[in-house]
Structure formats: C-alpha cells, structure tokens
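Visitor: Here's a sequence, model it:
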Amino acid sequence: MRPRTGPVELPPWRPTAAHFRAVVLGAVGAAAAVVLRRPDALVLATPFLVVATWAWLVRPSRLAALESAVGHTSVREGEASRWVSTVTLPEGAEDAVLTLAPSLFVEYDPPLGATAAGIEEAVDGRVRAEVRFRSTRWGVRPLGPASAMVVSAWGAYRSGPVESEGRMLTTLPYPATFDLVAPMPHPEGLVGPSRSSRPGNGSEFNSLRPFQVGDRLRRIHWPVSLRTGTLHVSSTYGDEDSHVVLLVDAFSDLGPREGVDGRPTSLDVTVRAAGAMAQHHLAAGDRVSLRVVGAASVPPLRMGAGRAHLRRVLETLATISPATERRDDGERATSGLGAGALVIVLSPLVDPAMVDIVARLGARGLTTVVLDTMPDHLWEDESDPFASIAWRIRRLTRRTEVLRLQEAGIPVVPWRGPASLDQVLRDISRRARAPRLARR
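Guide: As a prediction, this is how the structure comes out:
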C-alpha cells in the first residue's frame, strides 16, 4: 500500500432511528399496558425495552478511528487494485461499512463499491474493509472518496459516515502489439540498432579495402590479403539510433467509449498505437519525442530514451483531453523538428486542421508517415441510417484529403498493429539511398 492517510477520528456516537423506534415502541407499549390494563401489550413491549436498554448499556464510550490506503494510483488499462480502510473499533462497536464513490470507467468488486466487516474479523481491535477496483479506460480521473461508518450492537448507535480523502487515478494506455523489421530511413545518433548510411564501427558488411593506419587487426580479411599480397580489411556500416517523433491527433474522439473490454474509439486506437510504437522504439534504443495537437495543457515531450522515458510518454498520453483546443494550428507542436527525424502522425484524418498540419510537415521536407487510426466499426455500423449516410459522405471527403496527401509524397497507411510501417519505411529508405540529380 503506497498512498496512505493517517488515522482520522470518526464523529461522536449518535443513536439511530432503529434505537428511537425501540425506545418509543417499548415505552408506548408499557404505558398502554398500565393504562388499559392489558398484560398482552406489556408482553409485546418487553422485547423492545430489553433491546433498547441492552444497546444503551453496551454503547461505545470511545471514538472509532479510520485509516485508508490505496494499492496503486497508477495502473494500466484493465488492471485492478484495491482500496483498503482499516477501522479501529472501540469496545461496544460491532460493524464497519465502507462505500466507495462511483467513478467513470472504474468497476468495483463488490458492486457499487460497498462492503462491510464485523467485529468477529477484528485483529487487535482493528478490522479491514476492502473494495477492489478495475480501471477500464486510459486517462486521469478521481477515485473516491470513501465513506466509512461504524455501528454498535443491535444497530443502536452509529459513528459517521465520514469521508476520507480521495485520490487521482492515472490509467496508462495499454500499448497495442507493434513490431518493426524495416530499417529506419535517417539514423543520426551515436549508437543504436539502425544501420547508418556512413561507414563506421558496426555489424553490417560494407566493403573490402586496403589496410589503413588505425584499422583494428581483427578486421583483417586474410583470404584476400594472402591472394593480393597486401593487407585488406572488411569495413562495415555504422550502427546509429534514430529520432522518432510521435504526433498525436487529439482533435476528436469518435465512437462509443466502451473501454478496454469494448470497441475502441478513434482516440483509443491513436493513444494505444502511440504507446506501442514508443515502447518498441525505446526498447530498440531509438530516441522518441511526443507532440499532441488539439488538446490543451499537454506540453511537447522532448526526445529521450530508456524505460523511464517510456513511462513519461505513457503518462503524457493519459493526460490527453480530446477537443479541448480546437484552434490549435500545430505550430507549437511541430516547431524545432530536425531534418533527420522520422515524424509519425497518428490521426483518423477527420479534422481538416490535421490534414493541413501534415501537409505543412511534408512541405518542410520532413520524413513524414501518417498512420490512419480510424476504427473500421464506425464505417460498418448501420443501426442508424442517417448516421450511416453522414459517415458515407464524410468518408468520400476524407478519401479526397488522403489522396491529396499521397500526391504530395506523404504515405498514409492504416493501423494494423505489427508490421504496419514495414513496407513504407523500406520504400523511404530505398528512396533516401537512391541517386539524385544535383546542379553543378
């Protein structure tokens, strides 16, 4: 248990409505038996008087204390954690009840987030009331607060309910499956998994050349050296890393929001694909930066490497609030991009502003690839005929915009998980190594 609140004393004990009813019914029954001379009324009133007197005699004299703890406040989509409240029961208290406030895209076990613990479960006068919760969609949302209440014997007195401090639950997107075999088009770093276009100390063969001062002896190619009579060495291409820029379109979130167990929205596909690509490239040794357009309060994430940077990427993706900055022209997100970066745009290509941003990136000469993250089920849903016609018209307009980008030399490929970018990156690498015309 990491986030924890200190012990909080519950309010003073107060009689419940059940105790008032027992006192009133017992007193009225006893009075009726005396006034009306009805022994049967006294027989009926005696149990109420006995219970009321018993509950008053054993009522707690000290206050209860509440202490709450949460297992994890940062989880992945579909993962579960728990909220545990530990209540110190004074003598005379019998049951503790915990109720967790409902939260969007959070499932509780038991349902409705309510559970109880009795005095028979107490250890050293302390009982644990536990509610498990499971987050079903990425994002940052409030969890709790939890309300706790303690009751005495016969439910005659209660303390509370009192609310403990709530928490902010960060749900990181669960990365989709992604793999990449094709080489990166513009490796530019010092060391990494990508083959450079320049000779260097790497693992991929380049050519055989005569020995020069400074060459390593283990590079000597003895068969050719013996045949020619002069020392020859095998040269290799250098191994370098690449700078991958993930540009996320947050202008819209299309489709029903059903969480990780249902159909994804366009932003679900975008965010999960961005997380998968960041995880793959960072594990391979590349440098990754993240830019978001169409969402307020999401600053650009500078390039970095390693597992800690992957955590920063996922946390930044989780803070996205779609369509909170409709006037974003992309200048802040696309400024400062170097010529050697590979810009991967993840977008459903529905908002015209995003199409203009991609066109400007291509016009600047940046190597840009667009991943189409529009989910197919939006096109296939024909339950509403009017919505189906509207989507069909919008799809025709969207196809025209995609063709315009492709004519400008910007490839647009649908997101299909593993190997989504292999063929495109092979074509870009082949085109980058091809000879070009130049003025002399």
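Visitor: Could you list the low-pLDDT ranges of the stretch 51-200 of the chain?
Guide: Counting by pLDDT under 70, the low-confidence segments of the stretch 51-200 of the chain come to 179-200.
Visitor: in it, which spans are helices?
Guide: Assigned by DSSP state H, counting those that start in this stretch, the helices in the stretch 51-200 of the chain number zero.
Visitor: quick one, strands of it?
Guide: For the stretch 51-200 of the chain, the strands defined by DSSP state E, counting those that start in this stretch cover 65-70, 74-76, 80-88, 93-100, 106-109, 114-118, 126-135, 139-143, 146-152, 157-163, 167-172, 194-200.
Visitor: CSV for the ones you listed, including mean neighbour count and distance to Ser289?
Guide: From N, CA and C alone the C-beta is placed, and that goes for glycine too. Formatted as CSV, these follow (neighbours: other CB atoms under 10 Å; distance: least, CB to CB, whole Å):
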stretch, mean neighbour count, distance to Ser289
strand 65-70, 21, 32
strand 74-76, 18, 22
strand 80-88, 20, 31
strand 93-100, 24, 38
strand 106-109, 17, 31
strand 114-118, 16, 45
strand 126-135, 20, 27
strand 139-143, 17, 21
strand 146-152, 24, 39
strand 157-163, 20, 41
strand 167-172, 20, 18
strand 194-200, 18, 16
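Visitor: I'd like these as a markdown table, with distance to Leu25 appended.
Guide: Written out in a markdown table, the entries for the strands of the stretch 51-200 of the chain read as follows (distance: least, CB to CB, whole Å):
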| stretch | distance to Leu25 |
| --- | --- |
| strand 65-70 | 33 |
| strand 74-76 | 50 |
| strand 80-88 | 31 |
| strand 93-100 | 22 |
| strand 106-109 | 37 |
| strand 114-118 | 26 |
| strand 126-135 | 31 |
| strand 139-143 | 43 |
| strand 146-152 | 19 |
| strand 157-163 | 18 |
| strand 167-172 | 44 |
| strand 194-200 | 84 |
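Visitor: Any idea which of those gets closest to Glu315?
Guide: Set against Glu315 and scored by CB to CB, the strands of the stretch 51-200 of the chain come closest in strand 167-172, at 6.7 Å.
Visitor: now what about stretch 148-164, what contacts it?
Guide: Defining contact as CB atoms under 8 Å, 6 or more residues apart in numbering, one finds that stretch 148-164 is touched by 5, 8, 10-16, 18-19, 22, 51-52, 54-56, 58-60, 63-64, 66, 68, 85, 87, 89, 92-99, 129, 144-147.
Visitor: what number of residues lie near the closest residue to Ser321 other than its chain neighbours?
Guide: If you skip the residues right next to it in sequence, Ser321 has Ala295 as its closest partner in space, 5.6 Å away by CB to CB, 6 or more residues apart in numbering. Look at Ala295: counted by other CB atoms under 10 Å, it has 20 neighbours.
Visitor: Repeat that for the one 3 residues further on.
Guide: Other residues within reach of Val298, judged by other CB under 10 Å, total 21.
Visitor: That one contacts Glu315, correct?
Guide: No - no contact is recorded between Val298 and Glu315 when judged using CB atoms under 8 Å, the distance being 10.8 Å.
Visitor: Could you report the distance from Ser159 to Val8?
Guide: From Ser159 across to Val8, the span is 12 Å (CB to CB, to the nearest Å).
Visitor: Equivalent analysis for Arg416, please.
Guide: 52 Å.
Visitor: After the helix or strand harbouring Ser289, which helix or strand is next? Please name it.
Guide: Counting by DSSP states H and E, the element that carries Ser289 is strand 287-293. Going down the chain from strand 287-293, the next helix or strand is strand 301-304, by DSSP H and E.
Visitor: Who are the packing partners of that next one?
Guide: Contacts of strand 301-304 with other secondary structure elements, assessed using 3 or more CB pairs under 8 Å, 6 or more residues apart in numbering; DSSP states H and E, are made with strand 287-293, helix 307-318.
Visitor: So for the shortest one, mean pLDDT?
Guide: Taken as a whole, strand 287-293 carries a mean pLDDT of 93.
Visitor: follow-up on the earlier one: could you save the helices and strands packed on strand 301-304 as CSV and add columns showing distance to Leu112?
Guide: Listed next are those as CSV, based on distance: least, CB to CB, whole Å:
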stretch, distance to Leu112
strand 287-293, 36
helix 307-318, 26
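Visitor: out of those, which comes closest to Ala116?
Guide: Taking CB to CB as the measure, the helices and strands packed on strand 301-304 were each checked against Ala116, and helix 307-318 came out nearest at 33.4 Å.
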